[in-house]
Structures are given as C-alpha cells and as structure tokens.
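[1] Curious how this folds, go ahead:
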Amino acid sequence: MAARIDHLVTSGTFALDGGEWDVDNNVWIVGDDTEAVVIDAAHDAAAIEAALGGRTLRAIICTHAHNDHIDAAPALAATTGAPVLLHPDDLPLWKQTHPDRAPDGELADGQELEIAGIRLQVLHTPGHAPGAVCLYAPELDTVFTGDTLFQGGPGATGRSFSHFPTIVASIRDRLLALPAETSVRTGHGDSTTIGAEAPHLQEWITRGH
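    Alright, predicted model coming up:
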C-alpha cells in the first residue's frame with residue numbers, strides 16, 4: 001500500500017495577544033490504508049478522526065503551537081491514543097492553550113519520523129514561532145510548512161514570539177534548499193511549490209523592512 005496525503009479543512013478561531021480571528025486551517029493526514037499521522041490537529045477532533053477512517057493514528061505532529069493548530073490535539077489524542085509531538089521551544093505558546101496538558105513527546109531538528117514506509121524529516125524553522133517546524137517527505141516530493149511558508153511569502157511575524165529576519169533565514173536556508181519541484185502544503189490556503197516561491201525571496205526581505 002503506497003503512502004498518500006489526505007487533506008481536510010477545519011474552521012475555528014485563532015487567538016493571540018488579546019485578539020481573535022476566524023480562520024480556516026489545513027489538516028494533513030499522511031499514511032496508507034492502515035496507519036497515519038496527523039499534521040496539525042486544528043479545531044475539530046471528530047472531523048479529523050472521521051477522516052482517518054479507522055486507521056491507526058501513530059502521532060499528532062504540531063508544526064507550531066498557535067492555538068488554531070493545536071486546539072483539537074488533546075481530544076484527538078484521548079480518543080486515538082496517539083502521542084502529541086511538539087518542538088520544545090514552543091512550549092510557552094502551547095501552555096497558553098493547554099496549561100494542564102503537556103505534549104507527549106518532542107520534535108527535534110533532523111529527526112526522522114516513519115509512517116507507511118516513508119520518512120518525514122523534521123526541519124526546525126523558527127520565525128513565525130520559536131519552535132516552528134516543517135516536515136519534509138522526500139518520497140512524496142512534499143514539504144508541510146505549517147505557517148512558515150505560504151503561497152506568496154512567509155508567515156506572519158507581527159505578534160508575540162515571532163521575528164521576521166528569523167523566518168526569512170529559516171525559509172532561505174532550510175526550505176529553498178529543497179528541490180524546486182517539491183510541493184509546499186501549507187497551514188492555511190492553497191499549496192505551492194518551492195520553485196514558485198524561491199525567486200521572490202528578495203522581494204519578501206524588501207517588503208519586510
């Protein structure tokens with residue numbers, strides 16, 4: 001059984017620094033017919049569990065700990081038994097949403113997670129959040145970027161725990177080094193490719209200053 005990528009969109013609220021915004025989040029499921037991982041358990045644990053279709057959930061991987069990417073993680077973990085994995089640099093953000101429930105395991109730069117015969121390589125890409133990570137699946141020609149890189153540029157850096165020069169460095173050094181044909185599957189909105197975004201790096205730097 002070949003590994004595949006399933007996708008659903010869930011809706012809810014992003015809250016930080018006293019503000020709230022309605023958002024639609026991409027939830028990515030990577031696996032085969034028997035097992036899978038979820039990347040960013042956003043808003044609706046029941047919908048995500050339904051999309052799994054009875055497959056064994058091996059892990060709930062958090063690209064970062066803004067509430068809209070983790071709010072359904074504990075509930076999904078409770079019903080499936082899957083561990084929640086987060087880079088430790090994002091624990092302060094995690095605790096804003098889930099003060100009484102810690103993640104189950106840590107993500108580290110260079111770590112490889114295996115699911116359905118393929119690898120997910122953890123790339124630490126701080127900037128949007130201190131512990132932001134992207135997950136590169138070379139066998140699927142795909143990188144899951146959370147809110148680090150979108151179609152059209154970097155993720156937002158105007159709020160607490162974020163830093164524009166850091167996110168640009170993360171994208172330049174970690175993501176734009178990937179093959180140009182690599183699909184970029186984002187935390188919100190449409191997908192893109194590394195090749196489509198790479199030529200615009202200097203524009204982003206100019207725009208951000």
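[2] Check which residues of the lowest-mean-pLDDT helix or strand in the chain are buried.
    Confidence across the helices and strands of the chain bottoms out at helix 201-208, with a mean of 86, counting by mean pLDDT, DSSP states H and E. For helix 201-208, burial by neighbour count (16 or more other CB atoms under 10 Å) applies to Trp204. All C-beta atoms are positioned from the backbone trio N, CA, C, and that covers glycine.
[3] how about the helices of this structure, start to end?
    With helices called from DSSP state H, the chain shows them at 45-52, 67-70, 73-80, 91-97, 164-170, 194-197, 201-208.
[4] okay, and for the chain, where does confidence drop off?
    Residue ranges of the chain with pLDDT under 70: 1, 209.
[5] what about 80?
    For the chain, the stretches with pLDDT under 80 are 1, 208-209.
[6] For it, which segments count as strands?
    In the chain, the strands defined using DSSP state E lie at 4-16, 19-31, 35-39, 56-61, 84-86, 105-106, 112-115, 118-124, 133-137, 142-146, 149-150, 153-154, 183-186, 192-193.
[7] Buried deepest among the helices of the chain, which one?
    helix 67-70 (a mean of 26; mean count of other CB atoms under 10 Å).
[8] Against which helices or strands is that one packed?
    Applying 3 or more CB pairs under 8 Å, 6 or more residues apart in numbering; DSSP states H and E, we find helix 67-70 packed against strand 4-16, strand 19-31, helix 91-97.
[9] Touching it from outside, list them.
    By CB atoms under 8 Å, 6 or more residues apart in numbering, the residues outside helix 67-70 that reach it are 12-16, 23, 25, 40-43, 62-63, 84, 86, 94, 96-98, 146-147, 187.
[10] Equivalent analysis for stretch 178-195, please.
    5, 7, 23-26, 28, 40, 63, 69, 136, 140-147, 149-152, 155, 175-176, 197-198.
[11] which residues touch His98?
    Contacts of His98 (CB under 8 Å, 6+ apart): Ile70, Ala73, Pro74.
[12] Give the closest residue to the last one in space, chain neighbours not counted.
    The reference is to Pro74. Nearest non-adjacent residue to Pro74, counting by CB to CB, 6 or more residues apart in numbering: Arg101, 5.0 Å away.
[13] burial measure for the one you found, as a count.
    14 (other CB atoms under 10 Å).
[14] Show the backbone phi and psi for it.
    When quoted as degrees, to the nearest 10, the phi and psi of Arg101 stand at phi -140, psi 110.
[15] Now do the contacts for Val143.
    By CB under 8 Å, 6+ apart, the contact list for Val143 reads Leu123, Cys134, Leu135, Tyr136, Ala137, Leu175, Leu178, Thr182, Ser183, Val184, Arg185, Ile194.
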